[in-house]
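Participant: Could you look at this predicted model? Sequence included:
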Amino acid sequence: MPFAKYLITAAFTTVCTVSAFAQNVTVTDAWARATVQGQKATGAFMKITAKDNAKLVGVSSPVAGVAEIHEMKMDKDVMRMNALPNGLDLPAGKAVELKPGGYHVMLMDLKAPLAKDSTVPVTLMFEDVKGVKSKVELKVQVGMQAPMMQHQKQMEHNHGDHKH
């Protein structure tokens, strides 16, 4: 029985540690772009705000054989996409937006198409300035564009005679 008590205490401590860190990182507006049959890669996008300085150091998803943090940027007249092997800095209190054409999560070697209006699990790995690592697990909505953009498009469609 003492060993079981130890395991329960260790598990509780781990959950509390992750939860405490998770409260320091907020993820909003998460979505992934839907795919078609045969498409092997797509992007996932979101806004991440860390209460204290931190870094997004990794990502994983059971729907992808490979998941990486990427950046797209112009290099002369060519748009280039590169992995960020050292992670993405999250300055304290500043929302960092992962969006099409900028920072994003790249889901590659997809095991099946991502259907519109489904959700996919994505795990984000963070590291704080003290080197403490933690994870945040998300259920990411799959769509053709960001949820807010879908809403705005619908409003434009319904109210085309005037602007909002």
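Facilitator: Good, I have the coordinates. Treat the numbers as computed from the prediction; the structure is a model and nothing was measured.
Participant: So residue 103 sits against residue 88, correct?
Facilitator: Yes: with contacts counted by Cβ atoms under 8 Å, residue 103 reaches residue 88, the gap being 6.0 Å. From N, CA and C alone the C-beta is placed, and that goes for glycine too.
Participant: Could you name every residue contacting both of the two?
Facilitator: 69, 71, 96 (Cβ atoms under 8 Å, 6 or more residues apart in numbering).
Participant: Looking at these, which is nearest residue 133?
Facilitator: In terms of Cβ to Cβ, no member of the shared contacts of residue 103 and residue 88 lies closer to residue 133 than residue 69, at 14.8 Å.
Participant: if I look at that closest one, how far off is residue 137?
Facilitator: Remark: distance between residue 69 and residue 137 (Cβ to Cβ, to the nearest Å) = 16 Å.
Participant: The two: which has the busier surroundings?
Facilitator: Of the pair residue 69 and residue 137, residue 69 is the one with more neighbours under other Cβ atoms under 10 Å, namely 22 against 11.
Participant: low-confidence ranges in the chain?
Facilitator: Scanning the chain for pLDDT under 70 picks out the ranges 1-23, 146-164.
Participant: Show me the helices in it, by range?
Facilitator: 2-22, 147-158 (DSSP state H).
Participant: In the protein, mark out all the strands, start to finish.
Facilitator: 25-33, 41-50, 54-60, 64-75, 78-83, 88-90, 95-98, 103-110, 119-128, 133-143 (DSSP state E).
Participant: residues touching residue 98, list them.
Facilitator: Applying Cβ under 8 Å, 6+ apart, the residues near residue 98 are 44-48, 104-105.
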